[in-house]
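*Asks:* Everything below, folded, please.
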Amino acid sequence: MKKNILALILIFSTISVKAQVTVNIQWQNIKSGNTGDTIYYDSNRKLTWADFKGNANAASPAAAITESGFGYLMTMQSLNNRASINITVYCYFNKKKSWVKRGMKNDYGLLHEQHHFDITYINTCLFIQKLKTAKLNRLNYNSLSGKIYEEYVIALNKMQDEYDGETSNGRIKEVQAEWNKKIDQQLAALITN
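*Replies:* Reported below is the predicted structural model:
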């Protein structure tokens, strides 16, 4: 009797794993004209110094700080051996946690900060690309998407650290120019894909 029950459990488990699964990945659709504390990435809307609402940290060696990140919302619906996994991805800039020191507002510094936000967007797009190739199913969609997310959060932090480290927070103009070119090329490549 126990063998028959175990066999049935294995059969039903196999059926549920092999169920047809559709994965839908989309950007969170938010108008860029919102007046809240969050700006969602829009390639047509560049940051302005007015977006930096946080209190500057006088002890920081940085002239300004961009607080940005990305996340996702996920749901799964299942009916009659068919499952639909819906993933909504967003990339954001936090106005209240982003700041600039008095006397440091210039176009050069603003471009450096815009590129921090662009780096976040680049890694968000890489996260989406990896999700699209992942073999998500009913059993692994939650854990696998979480692992992929962690992978790209680590990649994002590494790239942000390299950017500030190599440019000395934008102070080394020649290296900043190299990073400007690199970031612009990566953004252009994302548009063509």
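*Asks:* switch to C-alpha atoms for all contacts and neighbour counts from now on
*Replies:* Noted.
*Asks:* Okay, buried residues for the helix or strand harbouring residue 176 please.
*Replies:* Assessed by DSSP states H and E, residue 176 sits inside helix 173-192. Across helix 173-192, burial judged by 16 or more other CA atoms under 10 Å covers 176, 179, 183, 187.
*Asks:* next SSE after the helix or strand of the chain with the lowest mean pLDDT?
*Replies:* Least confident helix or strand, the chain: helix 2-17 with a mean of 41, by mean pLDDT, DSSP states H and E. Downstream of helix 2-17, the first helix or strand assigned by DSSP H and E is strand 20-27.
*Asks:* Would you mind putting the CA coordinates of that next one into PDB?
*Replies:* Provided in PDB are the C-alpha atoms of strand 20-27 (Å, rounded to 0.1, in the frame of the first residue of the first chain):
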ATOM      1  CA  GLN A  20       3.100  23.900 -19.300                       C
ATOM      2  CA  VAL A  21       4.700  27.000 -17.800                       C
ATOM      3  CA  THR A  22       4.600  30.400 -19.400                       C
ATOM      4  CA  VAL A  23       6.900  33.100 -18.100                       C
ATOM      5  CA  ASN A  24       6.000  36.700 -18.600                       C
ATOM      6  CA  ILE A  25       8.700  39.300 -17.800                       C
ATOM      7  CA  GLN A  26       7.900  43.000 -18.000                       C
ATOM      8  CA  TRP A  27       9.000  46.400 -16.700                       C
END
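*Asks:* Helix or strand next in line after that strand, which one?
*Replies:* strand 38-40.
*Asks:* hmm, who's touching that next one?
*Replies:* For strand 38-40, contacts defined as CA atoms under 8 Å, 6 or more residues apart in numbering pick out 30, 32, 90, 91, 92, 93, 94, 95.
*Asks:* so which one among these has the lowest pLDDT?
*Replies:* Scanning those for pLDDT, the smallest score is found at residue 32, 58.
*Asks:* Low-confidence regions, the protein specifically.
*Replies:* 1-19, 31-35, 192-193 (pLDDT under 70).
*Asks:* Does residue 109 lie in a helix or a strand, and which?
*Replies:* Going by DSSP H and E, residue 109 is in helix 107-133.
*Asks:* in that helix, what's buried?
*Replies:* 109-128, 130-131.
*Asks:* again, but for stretch 45-53
*Replies:* In stretch 45-53, counting by 16+ other CA under 10 Å, buried: 47, 49, 51, 52.
*Asks:* List the residues that contact the third one.
*Replies:* Residue 51 sits next to 95, 98 when contact means CA under 8 Å, 6+ apart.
*Asks:* One more: the last one?
*Replies:* Contact partners of residue 52, counting by CA under 8 Å, 6+ apart, are 66, 95, 96, 97, 98, 99, 100.
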